[in-house]
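>>> give me a model of this one.
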Amino acid sequence: MKLKWLLLTVPFVFLYCAGNPESFGRIESKSDLQDVKIEEIEKKLNSSDTLTSAIQDISFLKRRDFGISGIILDDLQRQAEKNLYNNFQEAVESEDFKNAKRIYRSGKAMKLESFNSEWSDEKLDLEIAKQYLEREQYIPGILLFKDLISSEIVTEDDLFLFADSAYKVSNKSILQDIVKSMIFKNIEVPREYMDFLSEKKNPADMLTGTVTIWVNKGIKIESGIGYPDRVIGSGFFIDPRGFILTNYHVIESEVDPEYEGYSRLYIRLSDSVEDKHPAKVVGYDRIFDIALLKVEMDAPYVFSIDENEEYQPGETIYAIGSPGGLQNTITSGIISAVERRFLQMGDAMQVDVPINPGNSGGPLLNEDGQILGVVFAGIEQFEGINFAIPFLWVIDILPQLFEGNEIVHPWLGMAVHEDDKNLEVMYTVPGESADMGGIGTGDLLLEINGKKISTIRDVQEYLISETPDTVVELSWEHDDKVFSGYFSLTERPYYPLDTAIKRDRRDNLFIPLFGMEIEETHAFILDKSYSVKRVYRGSIADETGISVNDPLKVRNWKIDDESRIAFLQIFVKKRKSGFMESVIQLANYLEMDNFI
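Numbering: from 1, shown residues only. Presented below is the predicted three-dimensional model:
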């Protein structure tokens, strides 16, 4: 996959996106709310699918004066808490521990005493980890257990159970951590564990653990001539039973419901350029561009996966892959920069390792052979500017990849602007949690579940560990006053702006897209004039030289669904240019990184 720079010289089509349904969070009138809203909340309380939404509604009504009796709201709150705890008990009794954990985290966020029982996050995680092992999903199980190794709830039997699982999937890193705990507790360590940990692997061994991914898409016709249509990428084994990690964009045609052509997925081993082995997609994540594959064979070498945050610019690294289909290729370089924001969630690592088409999905390693990331993109116009997905983000989604299908992430439904001191809300999507809970443009986010947040990364790092339909407590500042309330996380759409475009007025979309807030100053049929009310620092509008109070008219507005770009043409009289009228074209990708 190649990242592209925007070229701002294309024809335009004028479109107008209208229709902003009034949300509960924006209602200002008391008269149309009381009985209708209470009845709606009561219906939500009786369904486990909408219970967290009811909790959010009650929290909102308690913060705002809509004339609803506090006694009624307290009764609704008590009923919600009771239903939440009953759902938790039912989940535990049915051994649905993943759902129990979601409900438990909601109860703890709400500081409910009923959840101060024998259960805890650690106990639930241990049960979930054991269930993974029962299903022979060893990687998710040992990854979850890694953070529990030193916990008091872990028994000697638990240590042996998970040590044996780590040994089965050749995971040295986690097995080493478990062995250290065994030694600390004076538990005799099996000899086979120590022998395995003492084995030394060289780059030649690692080559056998990488594969070439082939996606055969049949024949492509151009100018009446047929050409083989193939996608070539790289991948690497993370489980001896044939589980492989690669990029989603490499195997996209295998799972894209809109793709109607021919598509067949194969892998080729490093020591066999002739044999193709059929593979299937187990799970994938479009946002992080990661996919898990399964091939029916034993892996010749397995990369030991673990979270590694100890890397910095200047560190020597290696990439293994199949650039241009040339297998068994190792290249070296350094980490050029970290925390580059090229993904909708998380961040990327910039590297100068030579990377070409075919490298996508291959492992990025340090000098000790530890995985630091997964190669995924380069900038076509510039040599030596390439990117990898840090493995610390991949670790968080791996358990869900093993469960199959596409990973769904939670969100609050707002775009934020990050500066040196604050995390400011710049836009809320109509009908989503932030909007329905009364958060608005200009509010400053302070905490989530008691944890201070000051960057987009802080919030996204927290949300990636949560699931939809979980209650979180947010604290924010509005007009110099601090508020807190409960919000229900919902499913994040792949393109948040698509949802916003369908629900909101065009004028409001200028804020998240181009970083400027405008207000109407004159309107006559289709001829409308505006004034710039706010320009966000570092935004496209700011970099174009637009400033507050500049008068403007919108002439062309287009959403290009194929290229996933929004275009805007305006006539503006820049104050900084002596109010001389000029025509400016703005453009931005719809795949944005500031939605949470």
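>>> per-residue confidence at Lys576?
Lys576 carries a pLDDT value of 74.
>>> now Lys111
95.
>>> count the neighbours of it for me.
Using other C-beta atoms under 10 Å, Lys111 has 11 other residues around it. For the C-beta atoms, the positions are set from N, CA and C on the backbone; glycine is no exception.
>>> I'd like to know how far it sits from Ser488.
Using C-beta to C-beta, to the nearest Å, Lys111 is found at 16 Å from Ser488.
>>> over to Phe115?
17 Å.
>>> which of the two has more neighbours?
A direct count of neighbours by other C-beta under 10 Å for Phe115 and Ser488 places Ser488 higher, at 25 against 20.
>>> would you agree Gln56 is in contact with Leu489?
No. Here Gln56 lies out of contact with Leu489, judged by C-beta atoms under 8 Å, at a distance of 9.7 Å.
>>> where do the contact lists of those two overlap?
Residues touching both Gln56 and Leu489 (C-beta atoms under 8 Å, 6 or more residues apart in numbering) are Ser433, Val471.
>>> more crowded one of these two?
Gln56 (27 against 23).
>>> for that one, what are phi and psi?
phi -60, psi -40 (degrees, to the nearest 10).
>>> how about low-confidence regions in the stretch 351-500 of the chain?
Applying pLDDT under 70 to the stretch 351-500 of the chain picks out residues 379-383.
>>> quick one, strands of it?
363-365, 371-379, 386-390, 405-406, 410-411, 414-418, 423-428, 444-448, 451-452, 471-478, 481-488, 490-491 (DSSP state E, counting those that start in this stretch).
>>> out of these, which is the most enclosed?
Among these, ranked by average contacts under mean count of other C-beta atoms under 10 Å, first place goes to strand 363-365 (a mean of 27).
>>> which elements pack onto it?
For strand 363-365, the packing partners by 3 or more C-beta pairs under 8 Å, 6 or more residues apart in numbering; DSSP states H and E come out as strand 316-321, strand 371-379.
>>> what about Tyr259, distance to Lys217?
In this view, Tyr259 and Lys217 are 9 Å apart by C-beta to C-beta.
>>> now render the strands of the stretch 351-500 of the chain as a markdown table, adding distance to Ser234.
Shown next, in a markdown table, are those (distance: least, C-beta to C-beta, whole Å):
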| stretch | distance to Ser234 |
| --- | --- |
| strand 363-365 | 8 |
| strand 371-379 | 7 |
| strand 386-390 | 12 |
| strand 405-406 | 22 |
| strand 410-411 | 31 |
| strand 414-418 | 34 |
| strand 423-428 | 37 |
| strand 444-448 | 37 |
| strand 451-452 | 37 |
| strand 471-478 | 38 |
| strand 481-488 | 40 |
| strand 490-491 | 31 |
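>>> out of those strands, flag the one nearest Asp147.
With C-beta to C-beta as the measure, strand 451-452 is the member of those nearest Asp147 (16.7 Å).
>>> paired strands for that closest one, with orientation please.
If you go by DSSP bridges, strand 451-452 pairs up with strand 444-448 (antiparallel).
>>> any idea how far the partner strand is from the chain center?
19 Å (C-alpha atoms, centre = their mean, to the nearest Å).
>>> same question for stretch 483-492.
Per C-alpha atoms, centre = their mean, the centroid offset for stretch 483-492 relative to its chain is 17 Å.
>>> same question for stretch 366-377.
Relative to its chain's centre, stretch 366-377 lies at 20 Å (C-alpha atoms, centre = their mean).
>>> just stretch 156-171 next, same as before
30 Å.
>>> show the average pLDDT along stretch 68-76.
Taken as a whole, stretch 68-76 has a mean pLDDT of 89.
>>> would you list every one of the strands in the stretch 151-300 of the chain?
With DSSP E, counting those that start in this stretch as the criterion, the stretch 151-300 of the chain has strands at 210-222, 225-239, 243-246, 264-269, 277-285, 290-295.
>>> using PDB, write out every CA atom in stretch 562-569.
The C-alpha trace of stretch 562-569 is given here as PDB (Å, rounded to 0.1, in the frame of the first residue of the first chain):
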ATOM      1  CA  GLU A 562     -13.500   6.500  -5.000                       C
ATOM      2  CA  SER A 563     -10.400   8.400  -3.800                       C
ATOM      3  CA  ARG A 564     -12.000   9.000  -0.300                       C
ATOM      4  CA  ILE A 565     -11.200  12.700  -0.400                       C
ATOM      5  CA  ALA A 566     -13.400  15.700   0.300                       C
ATOM      6  CA  PHE A 567     -12.800  18.800  -1.800                       C
ATOM      7  CA  LEU A 568     -13.900  22.400  -1.000                       C
ATOM      8  CA  GLN A 569     -13.600  25.500  -3.200                       C
END
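>>> now what about that stretch, what contacts it?
For stretch 562-569, contacts defined as C-beta under 8 Å, 6+ apart pick out 6, 10, 12, 495, 497, 509-510, 513-514, 554-560, 583-591.
>>> in helices, which of those residues appear?
Secondary structure from DSSP state H places Leu497, Leu509, Phe510, Leu513, Phe514 of these in helices.
>>> just checking, the fourth one touches Ile501?
No. Counting by C-beta under 8 Å, Leu513 does not reach Ile501; the two are 9.5 Å apart.
>>> now the end-to-end length of stretch 271-291.
Using C-alpha to C-alpha, to the nearest Å, the span of stretch 271-291 from its first residue to its last is 23 Å.
>>> quick one: distance of it to the chain centre.
Stretch 271-291 sits 21 Å away from the centroid of its parent chain (C-alpha atoms, centre = their mean).
>>> would you mark the buried spots in that stretch?
By neighbour count on 16 or more other C-beta atoms under 10 Å, the buried set for stretch 271-291 is 276-277, 279, 281-291.
>>> do the same with stretch 114-122
Across stretch 114-122, burial judged by 16+ other C-beta under 10 Å covers Phe115, Trp119.
>>> ok, back up a step: identify whichever of the strands of the stretch 351-500 of the chain lies nearest to Gln176.
Among these, strand 371-379 comes nearest to Gln176, with 15.0 Å by C-beta to C-beta.
>>> which neighbouring elements make contact with that closest one?
Using 3+ C-beta pairs under 8 Å, 6+ apart, strand 371-379 sits against strand 2-3, strand 316-321, strand 348-351, strand 363-365, strand 386-390, helix 391-403.
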